[in-house]
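Undergrad: Kindly return the folded structure for what I paste below:
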Amino acid sequence: MIELYTWQTSNGRKASIVLEEMELPYNVHPIRIGEGDQFTPEFTKINPNQKIPAIIDLDGPDGMPITVFESGAILIYLADKTGKFMPAEARKRYEVLQWLMFQMGGIGPIFGQVHHFKRAAKEQVPYALERFGKEAERVYGVLDGRLAGNEWLAAGEYTIADIATYPWVSRYDWQEIDLGRFPNVKRWFDTISQRPAVQKGMFIPPI
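TA: Numbers count the residues shown, from 1 in each chain. Take a look at the predicted model:
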């Protein structure tokens, strides 16, 4: 059994989607980030960085419980645990890891800044809106170019790289992005949106 500590955010949805896709049994512990649950001593023991998601796998690699935080690390851990959504062949594995790191180091931070300055900032900051808005457009261009000749982001198959990226692209409306301008991303997005595990994982925990 896996204990999942999460909320309905792009990063949180990575973990719930992958658990649904892998058909792993898990319990959900809602961490209401708007109410400060992430700062409680109990959750800080699980993730010292006080961010969601985090998991505790009661059946870790040595048969003992293991705690994993950081969404990318969770995806890699679960892929290694199950042998799913990560190729075993080294060249393909590193291809997946490259695109997973692109999401972790590029898509997430940039899109997150767009969300903040467009939706949460107490004042409009033209420089920030322009800078991160342009970078988001550039990142969508990178994705569109990659998907022009590939059905999936890496290794010719649906992997944790796609799972990590999808919840961030699902906020294209928050980013004020017209997916029609990026037809390959739209085709990829629409395909993943039809997966039952994705449809369920996007709404964990129910709000």
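
Undergrad: Can you give me the domain boundaries for this structure?
TA: 2-84, 90-195 (automatic domain parsing).

Undergrad: Could you point out which of these sits nearest residue 205?
TA: domain 2-84 (4.3 Å; CB to CB). No exception for glycine: its C-beta is placed from N, CA and C like everyone else's.

Undergrad: How far does that closest one stretch from one end to the other?
TA: Counting by CA to CA, to the nearest Å, you get 16 Å between the two ends of domain 2-84.

Undergrad: Stretch 72-87: which residues count as buried?
TA: By 16 or more other CB atoms under 10 Å, the buried positions in stretch 72-87 come out as 72, 74-79, 81, 84-87.

Undergrad: Please disregard the earlier target; I meant stretch 145-154.
TA: Judged by neighbour count (16+ other CB under 10 Å), stretch 145-154 contains these buried residues: 146-147, 152-154.

Undergrad: Provide the contact partners of that stretch at residue level.
TA: Here stretch 145-154 makes contact (CB atoms under 8 Å, 6 or more residues apart in numbering) with 92, 95-96, 98-99, 143, 156, 158-159, 161-162, 165, 184-185, 187-188, 191.

Undergrad: If we use 7 Å, what do you get?
TA: Applying CB atoms under 7 Å, 6 or more residues apart in numbering, the external contacts of stretch 145-154 come out as 95-96, 99, 158-159, 161-162, 165, 184-185, 188.

Undergrad: Mind telling me what element residue 111 is part of?
TA: Residue 111 belongs to helix 108-115 when elements are defined using DSSP states H and E.

Undergrad: Summarise which helices and strands that helix is packed against.
TA: Judged by 3 or more CB pairs under 7 Å, 6 or more residues apart in numbering; DSSP states H and E, the packing partners of helix 108-115 are helix 126-148.

Undergrad: at 8 Å instead, please
TA: Packing contacts for helix 108-115, counted by 3 or more CB pairs under 8 Å, 6 or more residues apart in numbering; DSSP states H and E, involve helix 10-22, helix 126-148.

Undergrad: Turn the ones you listed into a markdown table, columns for mean pLDDT and distance to residue 59.
TA: Formatted as a markdown table, those follow (pLDDT from 0 to 100; distance: least, CB to CB, whole Å):
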| stretch | mean pLDDT | distance to residue 59 |
| --- | --- | --- |
| helix 10-22 | 98 | 14 |
| helix 126-148 | 96 | 35 |
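
Undergrad: hang on, the earlier thing: now compare the buried residues of stretch 145-154 and name the two farthest from each other.
TA: Going by CB to CB, the two entries of the buried residues of stretch 145-154 that are most distant from one another are 147 and 154, at 10.7 Å.

Undergrad: tell me the contacts of residue 65?
TA: 56-59.
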